[in-house]
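Mind looking at a prediction? Sequence and model below.
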Amino acid sequence: MDREPVIYTPRLELHHLNVAEIISLFERPEDPWIYEGKGFINPHRELIDESGPLAWRVPQVKIEPHLNKWFVRWMVLKERREIIGSTSFHGAPDENGMIEIGLGVSPKFRRQGFAYEALAGMWSWVCTQEGIETLRYTVAASNKASIALVKKFGFIHIGQQLDELDGPEEIFELSAEVFRKLSF
């Protein structure tokens, strides 16, 4: 199967969706088969009511299935065995080894450190992959919580960009070498 290993953090399990699951979740979101035998549920309907990154990731994996390695993972709360969010890199690392991430946490679970924990897990995993040089996080200037979050990791503001879908964004980066020296 084309599934990456689960990433474990103190309170979360980050479960990778394989190609068939990501396509099914986008095209038939009510189909329960992707949860069968997994030992967790999706009571907050993560990536069902709003497809989030699936609208971009599914066309990519249909053309290049190997890219799915970098894509969607459920954020499963260990204690309750339920999905409370998701995270995904925007694609494979670019020619300079830069990789960008996005995430979403169900409103009920925000401001409890889950985004920090998920990012720490994802970045720790990706820094073990070959060719990773730079971690990137982009965010709207108005999203003060996310800006504070990446600054906790030591990310540096390097500029701005105009995203065709999200509008103006602030760009934050941190070298993978510096990240590898952090302890979690």
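That came through, no problem.

from here on, contacts and neighbour counts on C-alpha atoms
OK.

in the longest helix along the chain, what's buried?
When every helix of the chain is counted residue by residue (DSSP state H), the longest turns out to be helix 114-126. Counting neighbours by 16 or more other Cα atoms under 10 Å, one finds that the buried residues in helix 114-126 are 114, 115, 116, 117, 118, 119, 120, 121, 122, 123, 124, 126.

Export the residues you listed to TSV and append columns for distance to residue 2.
Listed next are these as TSV, based on distance: Cα to Cα, whole Å:
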residue	distance to residue 2
114	26
115	25
116	27
117	25
118	21
119	22
120	23
121	20
122	18
123	20
124	20
126	17
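
hmm, which helix or strand of the protein has the shakiest average pLDDT?
strand 156-163 (a mean of 91; mean pLDDT, DSSP states H and E).

what sits opposite the closest residue to residue 70 other than its chain neighbours in the beta ladder?
Once flanking residues are discounted, residue 70 sits nearest to residue 89: 5.5 Å by Cα to Cα, 6 or more residues apart in numbering. Bridge pairing for residue 89 (DSSP bridges) gives the partners residue 101.

Run through who's touching whichever strand or helix holds residue 85.
Per DSSP states H and E: residue 85 is located in strand 82-89. Here strand 82-89 makes contact (Cα atoms under 8 Å, 6 or more residues apart in numbering) with 40-44, 46-47, 53, 70-77, 99-106, 109, 118.

For beta bridges, what are the partners of residue 174?
In beta-bridge terms (that is, DSSP bridges), residue 174 pairs with residue 135.

Does it touch residue 157 like I think?
No: Residue 174 is beyond contact range of residue 157, at 9.1 Å (criterion: Cα atoms under 8 Å).

and these two? which has more neighbours close in?
residue 174 (21 against 17; other Cα atoms under 10 Å).

In stretch 46-55, which residues are buried?
So stretch 46-55, judged by 16+ other Cα under 10 Å, has buried residues 46, 47, 48, 52, 53, 54.
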